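Colleague: just coords:
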Ligand SMILES: Cc1cc2nc3c(=O)[nH]c(=O)nc-3n(C[C@H](O)[C@H](O)[C@H](O)COP(=O)(O)OP(=O)(O)OC[C@H]3O[C@@H](n4cnc5c(N)ncnc54)[C@H](O)[C@@H]3O)c2cc1C
Ligand code: SF4
Ligand code: SF4
Ligand code: SF4
């Protein structure tokens, strides 16, 4: 991480180097810092996020959806959901952005060695979990069974379809897809259930012994998934959640992202369920 | 409805999804319209009052329909963004509004009348017909007019700039943001907040005066209390105004319910006096 | 075969209006000027409101004239309540009125009229064709606005001015800033005058109508207790009703006024013709263009406004200096005891005589309101002139006639928002 | 005996000496008769009897609204220049000094804020002891003794006893030794109130008064006017907004004081609000003020200045919780 405090508070100039539409409202942006040296040194952990500035729009926290690459290109999977993200979606390759970060704690993958990992993603929650999954697969031997359960609203909203096809073909992990509403259009090459993610979870039998579950999705998802997970035998300290809050600084100053006495930006965004389950309004 | 935010950019169609080539967007010169319904022209005048920026504005935008400032009379569009002031109170108003709505990509309710009803609507609890007769005599009872109403009662509104008159700064911020294809974010707290930040004497607490600051949308930098005059509420209700608590407070200070309501209605006739959130 | 030329909406004027030219073949039958601004029924809105609220509400009649509506309303209210404000308050009121005149004249001359002289359809084209002139006009306008905003606290619909006094007066830094800005546009105002003088007069005809203005005796020219007309007649403002006949027309939401059954003209041209006293530089300009203004028809109005622009800037400067000299003094507004009573007041608005009249009951609630605006007074004259002009152009292209009629209307500088709020209760 | 005594009559000279270091600001009265901190151009401007300025001195470190970044295509995001001129803040009461120390913990610790840091370095803090009134209870909050300062003035009947709190402060004092004399007069003693123990006890055991009926009462009455936190010397929540300019290229990013009692504070994209009602927002406020989170976790933020109780139009006072909850409060174990 960058240790110069002055630079850290300043968004560094970056550009969009590639852009791929994933669904009607979500695109994958490849972004690289202008300064090649800084770009190569931009190292981060899965689960961390950056503060992304879109000039004239503002700054928003966005998860790093990839793992560090040699040339320092990072991938951001962003949904058009408001002011800043709408502006981002009008930008094209070459457009100027600003980047601060990486921020947040990231997933404690070091603790998970030899364990089975169950990833549960709802909708856009796939963004940080994609980074995590890439990491797990890259260091495949260090972990036990790996499974990704991914739920989307409808087939057309499934993000990273091509990648899902590839993942589905892999033998060293399990992929379960589900959509809330089926439609005529079936995603090419994908085997897909219909129903909500918690329901899918109930149907799939998964060893809970020596397993961690990692959840990321919209606010409503957490509560039901956690009930399911606990029901099937997960203990509170083997459930990890990546939370979303409003953030104005990303570094523990603006106070918008407080969850009880924790800050989503500096203590999170990844929390062990044990640590937040007593907190009102955490989920 | 306060700020009905909409996303200016419709869904990209799927085959343009992958754009590898750096296509430079043609320099965008949005077409704007400025029009007025039942109002005092203050909102349109606010545009003309941007003296320093006017030359730049005429370069950045194509001013397509602006009877107050341009002779061209066309209304057929297409218009990128229409700023329309005033309440809707006659069939002509409604016709113009519908016409502009149907030819404009974005419609901005410009000013308090367009957004909340404004001064013309303060007596909407009385019969329009008898008011007309009171002013123009019995023979005018047939005048085609109805209770002044905000746009949302008739059409979809994409964005709003409140104020009687609106703040220049908010108009300019909206125009600047529109060049980028978005609408700006304005704060959503009450006038009191800005008033306190300016270290004003609180007229409500210190002078026991009937200041509406706690209920009213900020953005004017507390103009009135700063010059020692109570906030008359010209910017309309702030989100989640605690109307019931303010009402109680003012009653305790000795104002009559009648006077409080009369003053509160000046720019917005539809307060829910029970509202706390 | 009868047909109608409809000019709708009238452009580059304040408010909504239309002109209908009724033709029989090529012959102009009649011309109708319809001020179609939707009525907001202000007079009805004022009923039952307290004397404190009346000026705050009534300034919303018109944005361009909000300052003068507010001040004249305050004066009428104060007369009804029997209170008299301090010298400081009076000076601030006069200052803000001059700010209003500067802004209004500059807006009208440069944004609404000037495009005609440069063959531009409006502002954007003017910005391309005459950027220098436009910027000059905008500078003057900005100075007028600065006066209004600094004194009034809010640019349109000023707030500081209240019955019996005012909120916070302007601090010395604010006044110095005003002086700086006004001083720096004085030369602009003089150049603006030269510019409008350089345009060849559109006509050289004597006025077809009488003039009327507020007469100030010991008080400044903008304020006064009597109204004078060109025929050397004068009457106290309280008698305006008897003097000004008024009728509601069916084609307009406005009512218009006549004197002795004849139309009169009010505004800059009327003021200069009736001998308003001017500041030194203003007087100089007037001497210079006397022949083009005295006893001329309404086309000379724009030049008269340009003369007044100089006067207004110079006079505002004088007031600012007086205020600076007397220092910052916060005064408590006079407390008025609500009482039964009536008050009438008239002020020279940028467009001419503006009259407000109210009656209050013993609780201080308004029980009658009457407002006569300059445009309403001018409307009868305007209609007559339009008819005459249209007749003189019988047979010309519709386009040409349209633009000529619009120019005539613009010369009057009508304010339609104001005009439709003429009332009687 | 040390020469540390400044007579009342020497105060103007002392101020003049201070002015050599930068602009002197201190307690003044605005033309609206609002006590405030402002520029002292002559000793006559100084109002040492102001109990508390409406807006605390935090405005010198975090202005209510400021541009924190500018953007231009060729230079990217940049901080605006901060004035390098030193400001001597004169007459800070212990609670205000404690407020500044608290903000220092937030803004200069792990992620120093560059604008704050620059401004902080240009401040010279001159404290002044005070007499509490009905609203304040700083004697209670352990902040009665000054925290960080450069110079502190203890009031006595005839003048002030000066104490240096930093090398710079010592240096200034030694530079004015000609104005000082020896004196045995003791500073006024401090008052003590009872509420301190209750607050500290409650904070120590993470008390949140979950069952108190006061929450609903607060929620029903609060106007969300923001006064309580704007006027709080330790409230620092901020909002950030960015606006483009008419040139279509450059932009400005603003930082502005925010308030946890505003609707928008806990909202996320899509409109979901984690603190959807005023009650939840009061709980949050309580959490931040008395229990803390992030860099100030476990530190009671309240410095006892009493501003929030004074400026609330509906007289909401969080201290009522401690008063009411006094009996039910369990001990920590
Ligand atoms: C740790 C973290 C990781 C995230 N990762 C992603 C991701 O990978 N992809 C993605 O599409 N979205 C992600 N989000 C959510 C994303 O930040 C919001 O969608 C985004 O801030 C919405 O901004 P907006 O201006 O478009 O929306 P608006 O609703 O218009 O927001 C207005 C302003 O409010 C603030 N704001 C609103 N909502 C949020 C929010 N949820 N979090 C922070 N600030 C907010 C922003 O500063 C914004 O300027 C993440 C959020 C967090 C906290
Ligand atoms: S004067 Fe009015 S706006 Fe200002 S703080 Fe008091 S109540 Fe609020
Ligand atoms: S203080 Fe109130 S009345 Fe005055 S401008 Fe602001 S919102 Fe309007
Ligand atoms: S000062 Fe009082 S009314 Fe205002 S936000 Fe704070 S608690 Fe609520």
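Modeller: Now that the structure is in, tell me what you want to look at. Please read all numbers here as calculations on a predicted model, not as lab measurements. Ligands and ions are numbered 1, 2, ... in the order given.
Colleague: how many neighbours does residue 161 have?
Modeller: No chain specified, so I'll use chain A. Neighbours of residue A:161 under the rule other CB atoms under 10 Å in any protein chain shown: 17. Any C-beta I mention is one placed from the backbone N, CA and C, and that applies to glycine too.
Colleague: wait, I meant chain B there
Modeller: Neighbours of residue B:161 using other CB under 10 Å come to 27.
Colleague: now the one 4 residues further on
Modeller: Applying the criterion other CB under 10 Å, we find 28 residues in the vicinity of residue B:165.
Colleague: What of residue C:335?
Modeller: Residue C:335 has 9 neighbours, counted by other CB under 10 Å.
Colleague: same thing with residue B:203?
Modeller: 21.
Colleague: Go ahead and confirm it touches residue B:222.
Modeller: No - in terms of CB atoms under 8 Å, residue B:203 does not count as a neighbour of residue B:222; the distance is 10.5 Å.
Colleague: what comes up buried for the worst-scoring helix or strand of chain B on mean pLDDT?
Modeller: Every helix and strand in chain B was compared by mean pLDDT, DSSP states H and E; the lowest is helix B:128-136, with a mean of 75. For helix B:128-136, a neighbour-count test (16 or more other CB atoms under 10 Å in any protein chain shown) marks B:128, B:131-136 as buried.
Colleague: can you check stretch B:34-51 too?
Modeller: Result for stretch B:34-51 [16+ other CB under 10 Å]: buried residues B:34-51.
Colleague: Next step: those residues restricted to strands.
Modeller: In strands, judged by DSSP state E, the following of the buried residues of stretch B:34-51 are found: B:34-36.
Colleague: what's the residue of the stretch 51-200 of chain D found nearest ligand 4 in contact with, if anything?
Modeller: Across the stretch 51-200 of chain D, no residue is closer to ligand 4 than residue D:54, which sits at 12.3 Å (CB to the nearest ligand atom). The contact partners of residue D:54, taken as CB atoms under 8 Å, 6 or more residues apart in numbering or on different chains, are B:196, B:199, D:34-36, D:231, D:307, D:311.
Colleague: same thing but at 7 Å, please
Modeller: B:199, D:34-36, D:231 (CB atoms under 7 Å, 6 or more residues apart in numbering or on different chains).
Colleague: any idea which of those residues is closest to residue A:108?
Modeller: Of all the contacts of residue D:54, residue D:231 has the smallest distance to residue A:108: 41.6 Å, by CB to CB.
Colleague: Skipping its backbone neighbours, what lies nearest the closest one in space?
Modeller: residue D:307 (4.2 Å; CB to CB, 6 or more residues apart in numbering or on different chains).
Colleague: okay, the one you found: pLDDT?
Modeller: pLDDT recorded at residue D:307 is 88.
Colleague: Residue C:285 now?
Modeller: 92.
Colleague: That one - that's part of a helix, no?
Modeller: Yes - using DSSP: H, G, I helix; E, B strand; the rest coil, the assignment for residue C:285 is a helix.
Colleague: from memory it sits against residue C:192, does it?
Modeller: No - at 10.1 Å, residue C:285 does not count as touching residue C:192 under the criterion of CB atoms under 7 Å.
Colleague: Could I get the contacting residues of residue C:270?
Modeller: C:211-213, C:352.
Colleague: just to revisit the earlier point, just name the closest of the buried residues of helix B:128-136 to ligand 3, please.
Modeller: residue B:131 (24.6 Å).
Colleague: For the residue nearest to residue A:173 when sequence neighbours are not counted, give the beta-bridge partners.
Modeller: Distances taken as CB to CB, 6+ apart put residue A:146 closest to residue A:173, at 4.2 Å, once the chain neighbours are dropped. Judged by DSSP bridges, the bridge partners of residue A:146 are residue A:117.
Colleague: what residues does chain B put near chain D?
Modeller: B:53, B:56-57, B:60, B:172-173, B:175-177, B:179-180, B:184-185, B:188-190, B:192-193, B:196-197, B:199-201, B:204-205, B:214, B:239-240, B:242, B:245-246, B:249, B:276-277 (CB under 7 Å from any CB of the partner chain).
Colleague: out of these, which are inside strands?
Modeller: Short answer: these have none in strands (DSSP E).
Colleague: Separate out the buried members of those residues.
Modeller: B:53, B:56-57, B:60, B:172-173, B:175-177, B:179-180, B:184-185, B:188-190, B:192-193, B:196-197, B:199-201, B:204-205, B:214, B:240, B:242, B:245-246, B:249, B:276-277.
Colleague: still on that earlier bit, in terms of helix, strand or coil, where does the residue of the stretch 51-200 of chain D closest to ligand 4 fall?
Modeller: Applying three-state DSSP: residue D:54 is coil.
Colleague: Ok, residue A:253 next?
Modeller: Applying three-state DSSP: residue A:253 is coil.
Colleague: residues in contact with it?
Modeller: D:106-107, D:111, D:113 are the contacts of residue A:253 under CB under 7 Å, 6+ apart.
Colleague: Which ones among these map onto helices?
Modeller: If you go by DSSP state H, these have D:106-107 in helices.
Colleague: Save the contacts of residue A:253 as TSV, and put in distance to residue B:210 too.
Modeller: Listed next are those as TSV, based on distance: CB to CB, whole Å:
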residue	distance to residue B:210
D:106	39
D:107	40
D:111	45
D:113	41
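Colleague: ok, of the contacts of residue A:253, which one's closest to residue C:234?
Modeller: Closest to residue C:234, out of all of those and judged by CB to CB, is residue D:113, at 69.9 Å.
Colleague: correct me, but that closest one touches residue D:107?
Modeller: Yes - assessed by CB under 7 Å, residue D:113 is found in contact with residue D:107 at 4.6 Å.
Colleague: higher neighbour count, those two?
Modeller: residue D:113 (26 against 22).
Colleague: Enumerate every residue touching residue B:35.
Modeller: So residue B:35 contacts B:65, B:82, B:84, B:96, B:100 (CB under 7 Å, 6+ apart).
Colleague: Residue of the stretch 251-400 of chain C nearest chain A, please.
Modeller: residue C:313 (38.4 Å; CB to the nearest CB).
Colleague: I figured that residue was touching residue C:187, is that so?
Modeller: No - contact criterion CB under 7 Å: residue C:313 and residue C:187 do not qualify, at 9.6 Å.
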